[in-house]
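**Q** pasting the sequence and the predicted coordinates here, then a few questions.
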Amino acid sequence: MKVGVVARLDLPPALDMVKRLLALAPEGSLVLEERLAERLGREGKRVEEMEVEALLTVGGDGTLLQAHHLAPHLPLLGIHMGRRGFLAEVPPSEAEEALRKLLAGELEVERRMALATLVGGERLPDAINEACLAWLFPGKSLSFRVEVDGELLYEARGDGLVVSTPTGSTGHSLSAGGPVVEPGLEALVLSPLSVFPRLYSLVLPASRRVGVEVLRADYEASVVVDGYVSRRVQEGERILFFKSERPVSFLKWKGSFYEKLRERKW
């Protein structure tokens, strides 16, 4: 198996880990992302141009999310450098074992639901974790209307709204008061951000389509996907959130979701 490698460039231990893995891997089995390759004095390729069967990320959950947006069709395995992540599962002590099993094709693929977002008819990249509607300037707020399958759910004014997948329920959605949802489920999680009137989080079947209209914004609002891709939203513009037809593929490592919850330092 040929594997692409993406790493967090501002983290020296991540670069050291990549060097260790290169020393262990058969020649030509690892393809380095071009900026990573430049840092290590090697040849590399843009992630979008790699002819590989999987992506290995070295860093944290953010590194994995960035890699996914560059090559959403590839299965992902992440080595976490720092506190344990929910997406980057492999601890540094098990990195060499993970590499051997990955190259041998011994890791099971787990497919999870992704979130699709349309803004004014324009489709944004699918989200692993969430899409967030929020204002662009601190101290300002926006008014918005939320519909489920065309039926009014509520109108509110405040900081915005997070729509997450079960995978993303332990991220931004959780900090907004949303529930933790087992990632194997298929659902949409709606978590309002500091809104008036005070509203609840809501878990919906993945078959629902959530429509949001920005009624009034003191300044411009935006939709941000997984913290990396953003699109500005004007007053009166409609946003649609729904289950993507393209799932996200992860390469499974040791440990259950409940073990991660026990170990997570909230």
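**A** Right, received. Where do you want to start?
**Q** so how many other residues sit close to Glu43?
**A** 10 (other Cβ atoms under 10 Å). Any C-beta I mention is one placed from the backbone N, CA and C, and that applies to glycine too.
**Q** then the host helix or strand of Val214 to CSV, C-alphas only?
**A** With secondary structure defined by DSSP states H and E, Val214 is part of strand 210-217. Listed next in CSV are the C-alpha coordinates belonging to strand 210-217 (Å, rounded to 0.1, in the frame of the first residue of the first chain):
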residue,chain,number,x,y,z
VAL,A,210,-32.1,21.8,8.1
GLY,A,211,-32.7,25.2,6.5
VAL,A,212,-31.4,28.4,8.0
GLU,A,213,-32.1,32.0,6.9
VAL,A,214,-30.2,35.0,8.1
LEU,A,215,-32.9,37.5,8.9
ARG,A,216,-30.7,40.4,10.1
ALA,A,217,-27.0,40.7,10.8
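**Q** list the neighbouring strands of the helix or strand harbouring Phe241 plus their orientation.
**A** Element membership for Phe241, per DSSP H and E: strand 238-243. Here strand 238-243 is paired, per DSSP bridges, with strand 115-119 (antiparallel), strand 210-217 (antiparallel).
**Q** tell me the buried residues in the longest one?
**A** Looking back up the chat, that one is strand 210-217. Using 16 or more other Cβ atoms under 10 Å as the burial criterion, the residues of strand 210-217 that qualify are Val210, Gly211, Val212, Glu213, Val214, Ala217.
**Q** what does the shortest one give?
**A** Under the neighbour-count criterion of 16+ other Cβ under 10 Å, strand 115-119 has Leu115, Ala116, Thr117, Leu118, Val119 buried.
**Q** closest one of the residues you listed to Ser175?
**A** Leu115 (17.5 Å; Cβ to Cβ).
**Q** state the next helix or strand along the chain beyond the longest strand seen in the chain.
**A** For the chain, the longest strand by residue count, based on DSSP state E, is strand 151-164. Using DSSP H and E, the helix or strand that follows strand 151-164 in sequence is helix 172-175.
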